[in-house]
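J.: Just a sequence and a predicted model for now, questions to come.
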Amino acid sequence: MIDKILFPEPLTIGQAQKPNAKTQRPGEQNPDFANILGQKLPAGEVKFSQHAQERLRARGISLSETDMKQLQGAVESVAQKGGRESLIMLGDAALVVSVKNRTVITAMDRGSMQGNVFTNIDSAVVI
């Protein structure tokens, strides 16, 4: 069996096109990844779940602006250390917080804390 070997015509290759890339102008600096990430992420305000709001109302727990700032700082501190679910003791209140979602899951006053076992937390902060 004899097969012919065909040699295709050579292809003419034009100038390669460069992908559309953003060109950097002289004197322009690349933005730092951390800066971009910080701008894109929310400011990190702590939210309260519906359940936590109900518990706060039912147990007569009120948080001042100072308390909220301390709570915010505690959540930020736990986040930097890699915590995911934290028990935060704030005055006479105990708050279980999802650090990843920056959400207070539930709240208790000192009277409700007696005899309770807190599970599924990996950190605790006493303020």
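T.: Here it is on my side, so go on.
J.: only C-alpha atoms for contact and neighbour calcs from this point on.
T.: Will do.
J.: measure D67 to G111 for me?
T.: To G111, D67 is 19 Å away according to C-alpha to C-alpha, to the nearest Å.
J.: Between these two, tell me which one has more neighbours.
T.: Applying other C-alpha atoms under 10 Å to D67 and G111 shows that D67 carries more neighbours, namely 14 against 10.
J.: Would you indicate which residues of stretch 65-85 are buried?
T.: By neighbour count with 16 or more other C-alpha atoms under 10 Å, stretch 65-85 contains the buried residues L71, Q72, A74, V75, E76, V78, A79, G83, R84, E85.
J.: Now secondary structure too, for those, in TSV please.
T.: Formatted as TSV, these follow (DSSP: H, G, I helix; E, B strand; the rest coil):
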residue	secondary structure
L71	helix
Q72	helix
A74	helix
V75	helix
E76	helix
V78	helix
A79	helix
G83	coil
R84	coil
E85	strand
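J.: Just name the closest of those to I2, please.
T.: When those are compared for distance to I2 (C-alpha to C-alpha), R84 wins out at 72.2 Å.
J.: mind checking how far that closest one is from R57?
T.: Using C-alpha to C-alpha, R84 is found at 26 Å from R57.
J.: Can I get the buried residues of stretch 65-85 in a markdown table including distance to V126 and pLDDT?
T.: Shown next, in a markdown table, are the buried residues of stretch 65-85 (distance: C-alpha to C-alpha, whole Å; pLDDT from 0 to 100):
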| residue | distance to V126 | pLDDT |
| --- | --- | --- |
| L71 | 10 | 96 |
| Q72 | 13 | 95 |
| A74 | 9 | 96 |
| V75 | 11 | 96 |
| E76 | 14 | 95 |
| V78 | 12 | 96 |
| A79 | 15 | 94 |
| G83 | 15 | 95 |
| R84 | 16 | 96 |
| E85 | 14 | 97 |
